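Trainee: predicted model follows, preceded by the sequence.
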Amino acid sequence: HDELEVPLIEVLASMERAGITVDRAVLREQSVELARRIEALREQLHVAAGGMPFTPDSPKQLAEVLFDRLGLKPVKKTKTGFSTDVEVLERLALEHPVPKLILEYRSLVKLKGTYLDALPEQINPRTGRIHTSFNLTGAATGRLSSSDPNLQNIPIRTDEGRRIRLAFVAPPGHVLLSADYSQIELRVLAHFTQEPALLKAFEADEDIHKAVASEVFGTPLDQVSKDQRAQAKVINFGIIYGITPVGLARRIDGMTVPAAAALIETYNRRFPGIESFMRDCVEQARSQGFVETILGRRRPLPDIHSGVINIRNMNERMAINSVVQGSAADLIKAAMLNLHRRIEREGLPTMLLLQVHDELVLEAPAHEAQRIGEILRSEMVNAMSLRVPLKVEVGIGANWDQAKA
């Protein structure tokens, strides 16, 4: 705590002071474009709902359209009627186009309101930059969180979300550098479990999802199909969140729950180290009431003995997830601290601007970018020594999106 968390306060303060330049014109242009698409979606919704106009933003009117007019089967109830939350709409989207259009409509409305229209308001008129606040104690796993505005929640799974990063730019003569830990949680998992197949794949710098697919499906590495790799990827990322057969089947098109159960079973049989590590995490939580990350950060789990099975299960999942995610958080915090100290010590012409999960964003003069990029990579790779090598991808660009590419 004294060696990492307390000194990190100074690092976060310098990042908040630095801020990041944001181009209003880019946000305005995207906002206008989304407004057009939202309008078009409203039209499509009216047509798909049988030509009756309704307000897609009203859950009450939407429920009427879905369950009364279109006769879809309600999935769950709320106090005021039938639920139209994301989970319900995702399920119904398989049966009718309206729920799918509503999901798209909601995501665009949220993007426009939360980011495209709100970010310009948060540009500091004196600096022309946005200065987010970083919170050390915001997340229970030890990850940093960011607020006013929250830059860690920009939805990057969609093209529209990713495009927001075009508006985060470097000032004239400068570039942004983005450095990302590659598959950090799986590397931490390999470190803890010492699972030979994972260690070997990371040592050899193989495609980890392909390597796992090869093991699970018993297929030679060079013959793994796209589908097999995609399935392995879902399990790899889901395993530390305690993925269930139902959850897995929902994420893989056309997979039944029994098939998903069999797949998880094969995975656990093939990687017994992962299963026993997960059991150990839960055992530690049960006997001590907390779990610990790689640097000894503790997460108390008082409800691990709860008589309510859902709460108990959730705490068991949190026990595993807290160790893996919390250790990844330890690692990037250590990297930030080392990097900050090196910038100060050597008077490097660069500033650390943002931290988003496993990624750091810096700003540097264009002619110094290559050198700073190498220093950045070396500090991140050497922040901690794990049983597997750490891998960092560094990109450079005029804006955040280019630097990520």
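Mentor: Sure thing, it's come through.
Trainee: ok, residue 186 touching residue 236?
Mentor: Yes - using C-beta atoms under 8 Å, residue 186 is in contact with residue 236, at 5.9 Å. In short, each C-beta sits where N, CA and C put it, glycine included.
Trainee: any common contacting residues for the two?
Mentor: residue 208 (C-beta atoms under 8 Å, 6 or more residues apart in numbering).
Trainee: residue contacts, the residue nearest the centre of the chain?
Mentor: Nearest to the mean C-alpha position of the chain, by C-alpha atoms, centre = their mean, lies residue 357 at 6.9 Å. Residue 357 makes contacts with 143, 152, as judged by C-beta under 8 Å, 6+ apart.
Trainee: likewise the one 5 residues further on?
Mentor: For residue 362, the contacting residues are 176-177, 179, 350-353, 372, 376, taking C-beta under 8 Å, 6+ apart as the criterion.
Trainee: of those residues, which pair is most distant in space?
Mentor: 179 and 351 (13.8 Å; C-beta to C-beta).
Trainee: quick one, which of these two is more surrounded?
Mentor: Higher neighbour count among residue 179 and residue 351: residue 179, with 23 against 18, using other C-beta atoms under 10 Å.
Trainee: where does that one sit: helix, strand or coil?
Mentor: strand (DSSP: H, G, I helix; E, B strand; the rest coil).
Trainee: for it, which residues are in contact?
Mentor: 359-360, 362, 373, 376-377, 380, 392-395.
Trainee: on that earlier part again, ok, the contacts of residue 362 vs residue 128, which is closest?
Mentor: residue 353 (13.7 Å).
Trainee: what is the burial count for that closest one?
Mentor: Neighbours around residue 353, by other C-beta under 10 Å: 27.
Trainee: what do you get for the one 5 residues further on?
Mentor: Neighbour count for residue 358, taken as other C-beta under 10 Å: 19.
Trainee: over to the one 3 residues further on?
Mentor: Residue 361 is flanked by 23 other residues according to other C-beta under 10 Å.
Trainee: that one contacts residue 353, doesn't it?
Mentor: Yes - counting by C-beta under 8 Å, residue 361 touches residue 353, with 5.0 Å between them.
Trainee: spit out the residues that contact the two alike.
Mentor: With C-beta under 8 Å, 6+ apart as the test, residue 361 and residue 353 both reach 20, 176.
Trainee: list the buried residues in the longest helix anywhere in the chain.
Mentor: As assigned by DSSP state H, the longest helix anywhere in the chain is helix 309-346. For helix 309-346, the buried set under the neighbour-count rule, 16 or more other C-beta atoms under 10 Å, comprises 312, 314-340, 343.
Trainee: average model confidence for that helix?
Mentor: Mean pLDDT, helix 309-346: 95.
Trainee: and the following helix or strand past it, what does it pack onto?
Mentor: For helix 309-346, the succeeding helix or strand toward the C-terminus, using DSSP states H and E, is strand 351-356. Applying 3 or more C-beta pairs under 8 Å, 6 or more residues apart in numbering; DSSP states H and E, we find strand 351-356 packed against helix 5-18, strand 145-147, helix 309-346, strand 359-365.
Trainee: can we see that at 10 Å?
Mentor: helix 5-18, strand 20-22, strand 129-130, strand 145-147, strand 174-181, helix 309-346, strand 359-365, helix 400-404 (3 or more C-beta pairs under 10 Å, 6 or more residues apart in numbering; DSSP states H and E).
Trainee: give me the nearest residue to residue 139, chain neighbours excluded.
Mentor: Distances taken as C-beta to C-beta, 6 or more residues apart in numbering put residue 145 closest to residue 139, at 5.1 Å, once the chain neighbours are dropped.
Trainee: what of residue 101?
Mentor: residue 45 (5.3 Å).
Trainee: so how far is the helix or strand hosting that neighbour off the chain centroid?
Mentor: Applying DSSP H and E as the criterion places residue 45 in helix 24-48. Here the centre of helix 24-48 is set off from its chain's centre by 26 Å, with C-alpha atoms, centre = their mean, to the nearest Å.
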